[in-house]
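Asker: what follows is a predicted protein model with its sequence.
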Amino acid sequence: MIAITILKNLRAPPLMNLVFANRKLSFYDTSSTPKTKEDNAKLHREQEQRNAEDVLFDMFASEETGLISMGKFLAGLKTTGIRRNDPRVRELMDNLKKVHKLNNYETGSSAETQHLNRETFKAVVAPNIVLIAKAFRQQFVIPDFTSFVKDIEDIYNRCKTNTLGKLADYIPQLARYNPDSWGLSICTIDGQRFSIGDVDVPFTLQSCSKPLTYAIALEKLGPKVVHSYVGQEPSGRNFNELVLDQNKKPHNPMINAGAILTCSLMNALVKPDMTSAEIFDYTMSWFKRLSGGEYIGFNNAVFLSEREAADRNYALGFYMRENKCFPKRTNLKEVMDFYFQCCSMETNCEAMSVIAASLANGGICPTTEEKVFRPEVIRDVLSIMHSCGTYDYSGQFAFKVGLPAKSGVSGGMMLVIPNVMGIFAWSPPLDHLGNTVRGLQFCEELVSMFNFHRYDNLKHLSNKKDPRKHRYETKGLSIVNLLFSAASGDVTALRRHRLSGMDITLADYDGRTALHLAASEGHLECVKFLLEQCHVPHNPKDRWGNLPVDEAENFGHCHVVEFLRSWAEKADQSSEECKPEAVTSKTQADEEICSTSDLETSPTTSPIPTPVESGSRAGSGRSSPVPSDAGSTASAGSSIDDKTKPGL
Ligand code: GLN
């Protein structure tokens with residue numbers, strides 16, 4: 001009979017501290033005290049937050065002074081794509097100012113460059129810690145934002161040298177633009193921002209307003225009503241051609257006739273009781289909300305010129321009125337003015353990139369987190385942009401770029417990468433179809449570098465980059481899955497891990513291997529599989545020096561203890577070393593069901609100073625070391641004893 005000793009070194013239950021790299025990944029509480037799911041989740045959040053604040057301090061604090069330089073910290077935050085003026089870090093910035101004032105600094109340092117001690121730092125960042133921790137854990141949609149931005153800069157610079165195209169000249173304000181103007185702004189669905197070039201120069205929305213007014217009409221009236229007045233087909237004709245479809249409706253809301261029709265829906269159906277001035281304000285407030293409060297203005301000179309030079313647009317209006325396209329109570333003069341006003345709203349690349357990102361994010365503005373439109377509305381808007389957004393180039397654009405976009409005659413190009421980011425490119429010279437030359441080149445180069453085309457295969461296309469992929473992601477998740485499978489007794493899953501070529505000897509932050517977890521949970525089948533089939537070492541020590549057999553004892557699993565003891569005896573007798581290569585060798589049958597994609601890594605580097613990479617086994621005295629090239633973040637970096645920098 002095996003003596004079961006519930007030892008004094010009983011500690012956190014298995015997987016409680018499962019961490020890889022500087023990230024805490026999983027919380028699997030097997031403790032016997034019954035807790036509700038909510039309790040666990042709350043406890044977990046609190047614990048994570050406490051950890052995150054301390055880890056951030058340790059990442060950036062000077063060892064000499066024991067203080068953190070906020071300048072360095074904010075610069076680190078910027079590399080993740082989060083700017084100081086992001087509304088989501090407003091409290092942090094306000095707190096910095098308050099602390100600076102309280103300290104009455106005479107050192108010449110500003111609020112943003114002051115040095116703080118641990119407690120003050122933690123109090124300052126606490127209100128925004130969830131976002132900040134997410135940023136430094138590289139959990140945004142573009143985890144390695146710095147590398148991504150470098151590639152974008154390269155494309156931007158190549159487009160800059162392109163001097164083709166001509167300025168629009170039907171009104172003097174457009175003809176006066178500087179043809180060298182070239183700005184590009186990006187905002188991801190997590191609010192990561194990057195801008196380069198002439199991103200603050202104001203320009204008018206022009207046709208880029210069309211998808212936005214269409215979205216308001218859809219939101220308020222629903223697609224059935226809207227599309228009883230306007231079609232969904234590309235017209236195959238010029239954007240301002242005097243033509244209707246076979247049902248005597250404008251072809252789609254992205255061409256002038258369709259957009260004028262949308263404006264009539266706003267006037268007659270969405271807000272029939274509003275005056276023209278009120279509808280203008282109302283519409284502008286939608287645009288503003290989509291842009292997270294960034295610059296949306298109005299250019300009166302452009303408005304007056306548009307109205308002066310609008311013979312064709314008036315002709316379209318009258319032609320549609322003749323064909324009874326408009327809803328009852330339509331006042332054509334007011335509708336036309338409203339259309340010109342929408343075209344004459346003024347903005348810049350920065351603001352438009354947030355609008356594009358709100359479209360990419362299902363109608364929720366990434367920087368304010370405000371839900372502006374319903375996701376169904378955005379789906380419809382993007383579908384039309386995809387097929388009709390770039391005038392007579394729409395078919396080719398859908399083919400080559402494969403993304404929803406909308407261009408405008410002032411040189412704007414709004415590009416949406418659904419569920420990833422919004423991009424706005426602005427450069428006034430246009431090609432013969434009315435699209436910005438540099439903007440178009442940018443879009444085409446972007447999708448030849450990254451797998452953003454709607455029909456790029458994310459799994460098998462190897463010649464394009466996927467910036468969405470975390471360099472640790474697949475491996476990290478595999479470690480989590482591996483340990484989880486062992487802890488839950490899932491031999492089939494363990495078999496899959498083995499077949500995938502994964503290193504089954506990998507350990508978590510606390511040095512616990514799959515064998516530790518299977519033993520502590522009493523899963524004899526898993527223990528047998530790990531030892532007999534995977535040939536993992538039977539005697540790895542965790543950070544407390546415990547072997548798998550100790551785990552089995554601690555948690556009272558006699559049958560596992562017995563098995564492990566006799567295995568150890570046999571192993572000692574034959575003194576045969578475990579061979580790491582046996583772990584990953586595959587039979588032909590294995591090959592057939594094995595996917596190696598799990599093991600992909602991308603050679604990117606962290607944009608931020610990484611804290612000591614946790615969980616190293618090197619020098620831990622573990623009897624059977626993990627192969628040093630295991631690639632696991634759990635096995636790279638510092639000594640196992642280094643617990644001074646807990647994982648984020
Ligand atoms: N104001 C322009 C017009 O109605 C807008 C068209 C455009 O951007 N292509 O003609």
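Answerer: Good, I have the coordinates. Residues are numbered from 1 along each chain as shown.
Asker: am I right that Asp392 is in contact with Asn238?
Answerer: Yes - taking contacts as Cβ atoms under 8 Å, Asp392 lies within contact range of Asn238: 6.6 Å. Quick note: C-beta positions are derived from backbone N, CA and C, even for glycine.
Asker: confirm for me that Ala357 is in contact with Thr368.
Answerer: No - Ala357 is beyond contact range of Thr368, at 11.2 Å (criterion: Cβ under 8 Å).
Asker: more neighbours: which of those two?
Answerer: Ala357 (32 against 19; other Cβ atoms under 10 Å).
Asker: can you classify the residue in the stretch 51-200 of the chain that the ligand sits nearest to by secondary structure?
Answerer: Evaluated by Cβ to the nearest ligand atom, the stretch 51-200 of the chain has Tyr170 as its residue closest to the ligand, separated by 7.2 Å. Under the three-state scheme (DSSP: H, G, I helix; E, B strand; the rest coil), Tyr170 adopts coil.
Asker: and for the one 4 residues further on?
Answerer: For Leu174, the assignment made with three-state DSSP gives helix.
Asker: list the contacts for it?
Answerer: 167-168, 302, 409-410, 428 (Cβ atoms under 8 Å, 6 or more residues apart in numbering).
Asker: again, but for Phe452
Answerer: Here Phe452 is in contact with 402-403, 417, 420, 446 (Cβ under 8 Å, 6+ apart).
Asker: which ones are touching the residue found closest to Ser427 once you drop the neighbours it is linked to in the chain?
Answerer: Once flanking residues are discounted, Ser427 sits nearest to Arg438: 3.9 Å by Cβ to Cβ, 6 or more residues apart in numbering. Listed by Cβ under 8 Å, 6+ apart, the contact set of Arg438 reads 159-160, 162, 165, 182, 425, 427, 429.
Asker: residue in the stretch 251-400 of the chain nearest to the ligand?
Answerer: For the stretch 251-400 of the chain, Cβ to the nearest ligand atom, closest residue to the ligand: Cys343, 3.9 Å.
Asker: OK, contacts around that residue?
Answerer: Contact partners of Cys343, counting by Cβ under 8 Å, 6+ apart, are 204-207, 209, 302-303, 306.
Asker: can the contacts of Phe452 go into TSV with extra columns for pLDDT?
Answerer: What follows is the contacts of Phe452, written out as TSV (pLDDT from 0 to 100):
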residue	pLDDT
Gly402	98
Leu403	98
Ile417	98
Val420	98
Leu446	98
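Asker: re earlier: mind checking which of the contacts of Leu174 land in helices?
Answerer: If you go by DSSP state H, those have Val302 in helices.
Asker: what subset of the contacts of Leu174 is also close to the ligand?
Answerer: Restricting the contacts of Leu174 to those touching the ligand (Cβ under 6 Å from any ligand atom) yields Val409.
Asker: the residue nearest to Ser427: which element?
Answerer: helix 437-449 (DSSP states H and E).
Asker: list the buried ones in that helix?
Answerer: 437-443, 445-447 (16 or more other Cβ atoms under 10 Å).
Asker: got it, and stretch 286-304?
Answerer: Buried-residue list, stretch 286-304, by 16+ other Cβ under 10 Å: 286-292, 294, 296, 299, 302-303.
Asker: end-to-end on it?
Answerer: End-to-end distance for stretch 286-304: 23 Å, by Cα to Cα, to the nearest Å.
Asker: how distant is that stretch from the center of its chain?
Answerer: Using Cα atoms, centre = their mean, to the nearest Å, the mean C-alpha position of stretch 286-304 is found 26 Å from that of the whole chain.
Asker: what sits up against that stretch?
Answerer: Residues outside stretch 286-304 that contact it (Cβ under 8 Å, 6+ apart) are 87, 171, 173-174, 202, 204-205, 209, 212, 215-216, 284, 340-341, 343-348, 350-352, 354-355, 358-359, 365-368, 370, 372-373.
Asker: cutoff 6 Å now
Answerer: Contact partners of stretch 286-304, identified using Cβ atoms under 6 Å, 6 or more residues apart in numbering, comprise 173, 204, 212, 216, 340-341, 344-348, 350-351, 354-355, 358, 365, 367-368, 370, 372.
Asker: so where is the stretch 1-150 of the chain shaky, pLDDT-wise?
Answerer: For the stretch 1-150 of the chain, the stretches with pLDDT under 70 are 1-37, 39-50, 105-107.
Asker: now for the closest residue to the ligand within the stretch 401-550 of the chain: which residues touch it?
Answerer: Ranking the residues of the stretch 401-550 of the chain by distance to the ligand (Cβ to the nearest ligand atom) places Val409 first, at 3.3 Å. Val409 sits next to 168, 206, 434 when contact means Cβ under 6 Å, 6+ apart.
Asker: buried set for stretch 376-386?
Answerer: For stretch 376-386, by 16+ other Cβ under 10 Å, it's 377-378, 380-382, 384-386.
Asker: report whether it contacts the ligand.
Answerer: No - legend: contact between stretch 376-386 and the ligand by Cβ under 6 Å from any ligand atom is lacking; minimum distance shown is 13.9 Å.
Asker: and that stretch, how far from the chain's centre?
Answerer: 20 Å.
Asker: same check, this time on stretch 225-232
Answerer: In terms of Cα atoms, centre = their mean, the centre of stretch 225-232 is found 33 Å from the chain centre.
Asker: go on, stretch 268-279?
Answerer: With Cα atoms, centre = their mean, you get 37 Å for stretch 268-279.
Asker: what sits up against that stretch?
Answerer: 220-221, 327, 329-330, 334.
Asker: and those residues as TSV, adding pLDDT and secondary structure?
Answerer: Formatted as TSV, the contacts of stretch 268-279 follow (pLDDT from 0 to 100; DSSP: H, G, I helix; E, B strand; the rest coil):
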residue	pLDDT	secondary structure
Lys220	98	helix
Leu221	98	helix
Pro327	97	coil
Arg329	91	coil
Thr330	97	coil
Glu334	97	helix
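Asker: flag the shaky bits of the stretch 301-450 of the chain, pLDDT-wise.
Answerer: For the stretch 301-450 of the chain (pLDDT under 70), the answer is none.
Asker: residue boundaries of the strands in the protein?
Answerer: 19-20, 23-24, 68-69, 115-116, 183-188, 193-197, 203-204, 297-298, 345-347, 405-407, 412-417, 421-426 (DSSP state E).
Asker: pull the residues that contact the third one.
Answerer: Surrounding strand 68-69, the residues in contact under the criterion Cβ under 6 Å, 6+ apart are 57, 60-61, 115-116, 121.
Asker: specify which member of those is nearest to Ala571.
Answerer: For the contacts of strand 68-69, the residue nearest Ala571 by Cβ to Cβ is Phe57; the value is 44.9 Å.
Asker: who's in contact with that closest one?
Answerer: Listed by Cβ under 6 Å, 6+ apart, the contact set of Phe57 reads 68, 118, 121.
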